[in-house]
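# Show me the folded form of this:
(2 chains)
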Number of protein chains: 2
Amino acid sequence: MFRKIFTKKDTPTDSELQDSANGPEAAAELAARLLIAPTALMQLTLADSQVVVRYMHPQRVTPGTIFIREGDGRDTGFMLLLLDGEVTVETKVASRDEPIVITLLGPGSLIGELSLLDGKPRYASCIAATPLRCAVLTREALQLLMDENPLIAAKLLLALALRLSERLRDSTDKLKMYVQLTQAMEQEIASRASIR
Amino acid sequence: MFRKIFTKKDTPTDSELQDSANGPEAAAELAARLLIAPTALMQLTLADSQVVVRYMHPQRVTPGTIFIREGDGRDTGFMLLLLDGEVTVETKVASRDEPIVITLLGPGSLIGELSLLDGKPRYASCIAATPLRCAVLTREALQLLMDENPLIAAKLLLALALRLSERLRDSTDKLKMYVQLTQAMEQEIASRASIR
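As a prediction, the model looks like this:
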């Protein structure tokens, strides 16, 4: 029932965001709703996600802030649910001076879950393109959720795993495309060599 | 304590596999041990993984069998823990007639967890390179585990998510390498064109 209501609308309108800016309770409600949106974690019911939100804390980020830094191996113990604003995700490539933009993320996005899970260095940098409002889940809070509400934790982790599966499929598709592209380019280089 | 014992040895010796072939109980014990090996799901304690194994069923596969078929969108409701034997993972690429081998998997590997999680078509084919012994976890069994033992389910899903994170990092590293490679090849093609 809840899912039926909320899957129809995965991104809140501007006026809804305005409303939700009125207080921490409204922000918590928005966080709970975004957690069950298709872009995040739709396995959770609204009641479940309201429990998850109790383990999160709100955070504001000013534009231009690099709040996750590629290669950072110390500050890895959190992920964010983006409530409001836009984030640029960038990575460095050895052959270029400027980092390349991997993706732009909007409200409902989960950010930083890889390092939260494995504790390894951040694999990309995240920069606030606009003022951000986020809900933060730390590794300690996730552990507490597992201890106190294991079934809801299991649903959250299932949803996280599902999201990772999706990203892995995307990434594999891109790799296949690159395999084909480099093959075509190899042939192009070989044919130009033979013409000369 | 358990982890300390088992992280030192992630692949059992031949004689251990021989021993374990003696009966279903020994196979269950091997499955439980492989579940907590670093190649699979090391967050689980041995006691936890023995519970997980109760939700799995054993399966044998004869050499040459394609037991997971790329693109199959119907038979997606299971993943396997490989107890014994070797598996070839292949995928088709549009520009080639022959599929390309992505990887070879040995004992302790988890196979097919992506489609188990998201129910989408299998993204690669898995072929038994040798006789296989597996422990199978179906989607229904995972649901039952979540209902009956939510904390152990949460640990299993955390471990699964961790494994997906690792694969996603690998895949992203490969993509970065391809971005550089295609840039270098573009320059090569451009320079050959200008020479002519």
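# For chain A, give me the ranges with low pLDDT.
Judged against pLDDT under 70, the low-scoring parts of chain A cover residues A:1-22, A:37-43, A:195-196.
# any idea where the strands of it begin and end?
Counting by DSSP state E, residue ranges of the strands within chain A are A:57-61, A:66-68, A:78-84, A:87-91, A:100-105, A:110-111, A:125-128, A:132-138.
# and the angle from the first one to strand A:78-84?
Compare the direction of strand A:57-61 with that of strand A:78-84 by axes from the mean of the first three to the mean of the last three Cα atoms, to 10 degrees and you get 70 degrees.
# Tell me what angle strand A:57-61 forms with strand A:132-138.
140 degrees.
# So which of the strands of chain A is the most surrounded?
Using mean count of other Cβ atoms under 10 Å in any protein chain shown, the stretch among the strands of chain A with the greatest mean number of neighbours is strand A:78-84 (a mean of 24). (C-beta placed from N, C-alpha, C; glycine too.)
# Give me the contact list for it.
A:17, A:20-21, A:27, A:30-31, A:34-35, A:40, A:56, A:59, A:67, A:105-113, A:115-116, A:131-139 (Cβ atoms under 8 Å, 6 or more residues apart in numbering or on different chains).
# near chain B too, which of the residues you listed?
Intersecting the contacts of strand A:78-84 with the contacts of chain B gives residue A:113 (criterion: Cβ under 8 Å from any Cβ of the partner chain).
# Count the neighbours of residue A:23 for me.
For residue A:23, the count of nearby residues is 10 (other Cβ atoms under 10 Å in any protein chain shown).
# do the one 3 residues further on as well
In terms of burial, residue A:26 registers 14 neighbours under the definition other Cβ under 10 Å.
# swap in the one 3 residues further on?
Residue A:29 is surrounded by 16 other residues when neighbours are defined as other Cβ under 10 Å.
# ranges for the helices of chain A?
A:2-7, A:14-20, A:24-35, A:46-54, A:113-118, A:139-148, A:150-195 (DSSP state H).
# Point out the most buried one among those helices.
When you average the neighbours per residue for each of the helices of chain A (mean count of other Cβ under 10 Å), helix A:113-118 leads with a mean of 21.
# Which neighbouring elements make contact with that helix?
Packing contacts for helix A:113-118, counted by 3 or more Cβ pairs under 8 Å, 6 or more residues apart in numbering or on different chains; DSSP states H and E, involve strand A:78-84, helix A:150-195, helix B:150-195.
# Can you say which of these is nearest to residue A:51?
Relative to residue A:51, the nearest member of the helices and strands packed on helix A:113-118 by Cβ to Cβ is helix A:150-195, separated by 5.2 Å.
# Which other helices and strands does the closest one contact?
helix A:46-54, helix A:113-118, helix A:139-148, helix B:113-118, helix B:139-148, helix B:150-195.
# again, only using 7 Å
Using 3 or more Cβ pairs under 7 Å, 6 or more residues apart in numbering or on different chains; DSSP states H and E as the contact criterion, the secondary-structure elements in contact with helix A:150-195 are helix A:46-54, helix A:139-148, helix B:113-118, helix B:150-195.
# Redo these as JSON lines? Include distance to residue B:73.
JSON lines is the format used below for the helices and strands packed on helix A:150-195 (distance: least, Cβ to Cβ, whole Å):
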{"stretch": "helix A:46-54", "distance to residue B:73": "28"}
{"stretch": "helix A:139-148", "distance to residue B:73": "33"}
{"stretch": "helix B:113-118", "distance to residue B:73": "8"}
{"stretch": "helix B:150-195", "distance to residue B:73": "20"}
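# And those: which comes nearest residue B:100?
Closest of the helices and strands packed on helix A:150-195 to residue B:100 is helix B:150-195, at 13.3 Å (criterion: Cβ to Cβ).
# before we move on, back to that, identify whichever of the helices and strands packed on helix A:150-195 lies nearest to residue B:51.
Counting by Cβ to Cβ, and looking across all of these, nearest comes helix B:150-195 at 5.2 Å.
# so who does residue A:102 touch?
When contacts are counted by Cβ atoms under 7 Å, 6 or more residues apart in numbering or on different chains, residue A:102 is found next to A:89-91, A:124.
# wait, what's in contact with the closest residue in space to it that isn't next to it in sequence?
By the measure of Cβ to Cβ, 6 or more residues apart in numbering or on different chains, the closest residue to residue A:102 outside its immediate chain neighbours is residue A:89, 4.7 Å from it. Taking Cβ under 7 Å, 6+ apart, we find residue A:89 in contact with A:102-103, A:105, A:124, A:126.
# Would you mind saying which of the helices and strands packed on helix A:150-195 lies nearest residue A:193?
It's helix B:150-195; of those, that one is closest to residue A:193 (Cβ to Cβ) at 7.2 Å.
# ok and the closest one relative to helix B:139-148, angle-wise?
Helix B:150-195 runs at 130 degrees relative to helix B:139-148, counting by the same axes, to 10 degrees.
# got the angle for helix B:150-195 vs strand A:100-105?
Using the same axes, to 10 degrees, one finds that helix B:150-195 and strand A:100-105 are set 140 degrees apart in direction.
# Now do helix B:150-195: distance to the chain's middle.
18 Å (Cα atoms, centre = their mean, to the nearest Å).
# circling back to that earlier point, and residue A:76, which of the helices and strands packed on helix A:150-195 is closest to it?
helix A:139-148 (8.1 Å).
# If anything else comes up later, I'll come back, but that's it for now.
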